[in-house]
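*Asks:* Sequence and predicted structure are below.
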Amino acid sequence: MEQDYDKIFASNASSFQEWEDENYLKGWGFLGQTPPPYQLFDSLFKRLDLKTKELYDEQKKSDKKYVPLTGGTMTGLLKLFTGSTVPTPAEQDNSKQITNTEWVQTWVKSFVSKLNENLEVETQEDGHFSCPALGITGLMAQNGYICLGKLFGNLILQWGYCEIVDSVVYLPIQYTIKNLLSIISDTFGDISNSVMGSRPYGLQQIQVSQFSNISGNPETIGYFYFLSIGI
């Protein structure tokens, strides 16, 4: 049988004898050997019924916070899920309001679009190029270089093909900090010979803008390839 939680025991009683807190905690023992009057029974059971009703009323309030398994309309924060009608914030919104999926999708598409624009490589007719988003610049030519930018520790690669003059080779660009490695390889005076089949030579002075004092009788080397790495 379904209980009627609004029906409170002894709510229409003509008289009550209220329990003092100290006696309520002691129970019937506070009366000693004296039998309790019916007014105390009425007061006790009324108090218990009121507690039960309070719990029941709170449960009913909690039930309203949940959506039934079938049917029902989401309210409050629940409306952020299926069937959300939360307004979509502006693209540049910097508030703390919760975003919906439409805003997230729009932002991601915008971010990717801007990233693609920034990753575009700008090229010039003389072979120079740059990628502003990554800070990469370079020169694609027989004697050229690539500056990899901050993303790669400002590493610079340089290469070229030239003739030795006074045992000094000037790099296409100057390093800012240090020339880490520079090597040359003789082509036997014939550019058609590959670097893999040529003879390596030692360098005694490696500087940020040049290297010099090539060992191995540089007067007879002629043309050569060079490769340099620095920062």
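*Replies:* Now that the structure is in, tell me what you want to look at.
*Asks:* From one end of stretch 88-103 to the other, what's the distance?
*Replies:* 6 Å (C-alpha to C-alpha, to the nearest Å).
*Asks:* Any regions of the chain where pLDDT drops low?
*Replies:* Along the chain, the model assigns pLDDT under 70 to residues 63-87, 118, 164-167, 186-204, 213-222.
*Asks:* can you map out the helices along it?
*Replies:* Per DSSP state H, the chain carries helices over the ranges 21-26, 38-63, 101-118.
*Asks:* got the buried residues for the last one?
*Replies:* Of the residues in helix 101-118, those scored as buried under the neighbour-count criterion (16 or more other C-beta atoms under 10 Å) are Trp103. Yep, even glycine has a C-beta here, placed from its N, CA and C like the rest.
*Asks:* which residue sits closest to Trp28 in space, ignoring its chain neighbours?
*Replies:* Pro36 (5.8 Å; C-beta to C-beta, 6 or more residues apart in numbering).
*Asks:* Same check on Leu115?
*Replies:* Ala133 (7.2 Å).
*Asks:* And for Val168?
*Replies:* Ser212 is the one closest to Val168 (C-beta to C-beta, 6+ apart), at 4.3 Å.
*Asks:* how near is Val112 to Pro132?
*Replies:* 17 Å (C-beta to C-beta, to the nearest Å).
*Asks:* Spell out for me which residue occupies the centre of the protein.
*Replies:* Val108 (12.8 Å; C-alpha atoms, centre = their mean).
*Asks:* hmm, back to that, where's the residue nearest to Trp28 relative to Arg47, distance?
*Replies:* Pro36 is 14 Å from Arg47, by C-beta to C-beta.
*Asks:* more crowded one of those two?
*Replies:* Arg47 (17 against 12; other C-beta atoms under 10 Å).
*Asks:* which ones are touching that one?
*Replies:* Going by C-beta atoms under 8 Å, 6 or more residues apart in numbering, Arg47 touches Trp19.
*Asks:* Might you report the residue contacts of Thr123?
*Replies:* Phe129.
*Asks:* is it in a bridge, and if so with what?
*Replies:* Phe129 (DSSP bridges).
*Asks:* Next: Gln210.
*Replies:* Tyr170.
*Asks:* Output stretch 115-132 as PDB, restricted to C-alpha atoms.
*Replies:* Only the C-alpha atoms of stretch 115-132 are listed here, as PDB (Å, rounded to 0.1, in the frame of the first residue of the first chain):
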ATOM      1  CA  LEU A 115      47.400  27.900 -39.200                       C
ATOM      2  CA  ASN A 116      47.300  26.800 -42.900                       C
ATOM      3  CA  GLU A 117      47.600  30.500 -43.900                       C
ATOM      4  CA  ASN A 118      50.600  31.000 -41.600                       C
ATOM      5  CA  LEU A 119      52.300  27.800 -42.900                       C
ATOM      6  CA  GLU A 120      52.300  29.100 -46.400                       C
ATOM      7  CA  VAL A 121      55.900  29.400 -47.800                       C
ATOM      8  CA  GLU A 122      56.700  32.800 -49.400                       C
ATOM      9  CA  THR A 123      59.100  32.400 -52.300                       C
ATOM     10  CA  GLN A 124      61.100  34.900 -54.400                       C
ATOM     11  CA  GLU A 125      62.400  34.700 -58.000                       C
ATOM     12  CA  ASP A 126      66.000  34.700 -56.800                       C
ATOM     13  CA  GLY A 127      65.400  31.500 -54.700                       C
ATOM     14  CA  HIS A 128      64.900  33.000 -51.300                       C
ATOM     15  CA  PHE A 129      62.000  31.700 -49.300                       C
ATOM     16  CA  SER A 130      60.500  32.000 -45.800                       C
ATOM     17  CA  CYS A 131      57.800  30.400 -43.700                       C
ATOM     18  CA  PRO A 132      56.800  33.100 -41.100                       C
END
